[in-house]
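1. I would like the atomic coordinates for the input below:
(one chain, ligands or ions: 2)
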Amino acid sequence: MKYMAPPPGEYERGLFAHTDKPVSTIICDDHVSGLEIEVNDGQWIKLSLSPSSFCFVVGDPLKAWSNGRLKAVNHRVMMSGDKDRLSLAAFAIPVEGTVIKAPKELIDEQHPQLYKDFDFMDFFLFAFSDPAKHIDSGEQLQAYASLSPPVSH
Ligand SMILES: O=C(O)CCC(=O)C(=O)O
Ligand SMILES: [Fe+2]
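-> Ligands and ions are numbered 1, 2, ... in the order given. Have a look, this model is predicted:
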């Protein structure tokens, strides 16, 4: 991705806040910082990736697979300064027909099943569909797959 430097003195959105829809993402950049993660409601931290580091981002399907134990962090790109930014994101997309299903070891009385089993691609297409545009990115997994009340086994 290429993000253009903002006008002088401005702090500008490069990429809107979202959680990732692939299973996971590995990000590296050209050391012009810009990637931010939301740590608490509304509190954002800018990541400065060192030259040899990558950022591993848990996507919504991996959160569902882990029965909610792994968090899908809300993140965005904000640009300041006078340099353009280049980043590279490697998205993990499973083969067609892959079902996202939490292993039984991650489901018990204390950790009831949070999400129904679902076909990865059905969720992926849902997340980019017109109806889902009205749902906050961080709420799409909940809207698509939540089991409420949670089921315990
Ligand atoms: O460019 C970046 O650092 C982040 C890209 C990203 O979050 C995405 O493509 O999902
Ligand atoms: Fe992302």
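2. what are the ranges of the helices in this protein?
-> For the chain, the helices defined by DSSP state H occupy 60-65, 120-127, 140-145.
3. With mean pLDDT as extra columns, can I get those in JSON lines?
-> Shown next, in JSON lines, are these (pLDDT from 0 to 100):
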{"stretch": "helix 60-65", "mean pLDDT": "98"}
{"stretch": "helix 120-127", "mean pLDDT": "98"}
{"stretch": "helix 140-145", "mean pLDDT": "97"}
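4. got JSON lines for the ones you listed, with mean neighbour count and distance to H134 too?
-> Backbone N, C-alpha and C define where each C-beta goes, glycine included. Shown next, in JSON lines, are the helices of the chain (neighbours: other C-beta atoms under 10 Å; distance: least, C-beta to C-beta, whole Å):
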{"stretch": "helix 60-65", "mean neighbour count": "24", "distance to H134": "17"}
{"stretch": "helix 120-127", "mean neighbour count": "17", "distance to H134": "12"}
{"stretch": "helix 140-145", "mean neighbour count": "19", "distance to H134": "10"}
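5. Could you export those as TSV, including distance to Y11?
-> Formatted as TSV, the helices of the chain follow (distance: least, C-beta to C-beta, whole Å):
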stretch	distance to Y11
helix 60-65	28
helix 120-127	28
helix 140-145	27
